[in-house]
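test case, fold it:
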Amino acid sequence: MLQVISALDGYGIEATDGRIGTVSDFLFDDRTWQIRWLVVDTGGWLSGRKVLIQPSAIGRVDHLHQQLPLALTRAQIEESPDILADQPVSSQMEFDLYGHYGWDPAWGGSYFGGNANAIALPMSSAPFIGAPALDDAAVLPPAGDPHLQSAEDVAGYHIQASDGAIGHIESFIIDDADWDIRYLIIDTRNWWPGEHVLVSPYAVQAIHWADRQIEIGATRAEVRDSPPWNPHDLIDQDYEKQLHSHYHWPGYGW
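As a prediction, this is how the structure comes out:
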């Protein structure tokens, strides 16, 4: 099912034997545009800690009760490798988590084939749990994963078409079956008041982390002429096909 990722902020995280906290953020791979980790704020339960959960452990989203169920116990989570709020997310941390839970590091897969147009920059910085992402000019933590980005931090990045600015990222639309980012939701209020448009990661040409800017391979006219999107409407496959046909993007397994 496709859904807006920001709508999940604050949802309760339910282990098999009780609540462990709430959704704090999602970390995605900027090469594949796949969500790699759910960041859980454990509040007073594990004071001073936040927890990373691989999406493979998340069950069906319960929108009625605003909950994400996990196929994990509270004890499993409490005994997981310690990740402090001010630490960068490193590859070693990730491997420790895979080992503790028995998760497959290759879980998921992506429509982008692990590349996403090779847009990731070698100087992009690893996010800190509970802290803003570092600027490109900052020193990259030696053990940090340079391709792991915070969805919360990237929201707000400016979008530049080939012939001018069109707006900024408001949020993302994800497929909660495989936790891929399907679309960037662009708020065009300063250029095209009252409108929102969807842009696939296929359109992304470059990301300028220091300038908080993303370049896409489309003109302003192409964006204006794209199939209209109403944020209150569900996205079905017919709409997606129209959108991809308009921009000549590949499909998502259709």
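
and the gap between Ile214 and Trp33?
12 Å (C-beta to C-beta, to the nearest Å). Every C-beta, even on glycine, is put in place using the N, C-alpha and C of the backbone.

same deal with Glu14?
Glu14 is 27 Å from Trp33, by C-beta to C-beta.

more neighbours: these two, which one.
For the pair Glu14 and Trp33, the greater number of neighbours falls to Trp33 (25 against 19), based on other C-beta atoms under 10 Å.

got the phi/psi numbers for the more buried one?
Phi and psi for Trp33, reported as degrees, to the nearest 10, are phi 60, psi 40.

just Leu27 next, same as before
Residue torsions, per degrees, to the nearest 10, at Leu27 are phi -110, psi 130.

what does His100 give?
phi -60, psi -50.

which residues touch it?
By C-beta atoms under 8 Å, 6 or more residues apart in numbering, the contact set of His100 is Gln76, Glu79, Ser80, Pro81.

which parts of this protein are strands?
Using DSSP state E, the strands of the chain run over residues 2-4, 12-15, 18-29, 34-41, 50-53, 67-69, 148-150, 158-161, 164-175, 180-187, 196-199, 204-208, 213-216.

among those, which is nearest Asp225?
Closest to Asp225 of these is strand 196-199 (C-beta to C-beta; 10.5 Å).

the closest one - what's its average pLDDT?
Strand 196-199 carries an average pLDDT of 96.

again, but for stretch 205-218
Across stretch 205-218, pLDDT averages out at 94.

now Arg212: closest residue in space, sequence neighbours ignored.
Tyr157 (4.8 Å; C-beta to C-beta, 6 or more residues apart in numbering).

pLDDT value on that neighbour, please?
So, for Tyr157, pLDDT stands at 97.

state the distance from it to Lys241.
Relative to Lys241, and taking C-beta to C-beta, Tyr157 is found at 27 Å.

what about these two, which has more around it?
The residue with more neighbours, out of Tyr157 and Lys241, is Tyr157; 18 against 14, by other C-beta under 10 Å.

show me what contacts the more buried one?
Counting by C-beta under 8 Å, 6+ apart, Tyr157 has contacts His168, Ile169, Ile207, Arg212, Gln213, Ile214.

same question, Asp145
When contacts are counted by C-beta under 8 Å, 6+ apart, Asp145 touches Pro88, Val89, Ser90, Ser91, Glu94, Ala126.

give me phi/psi at the nearest residue to Pro55 once chain neighbours are set aside?
Spatial nearest neighbour of Pro55, excluding adjacent residues (C-beta to C-beta, 6+ apart): Trp179 at 4.0 Å. Per-residue torsions, Trp179: phi 60, psi 40 (degrees, to the nearest 10).
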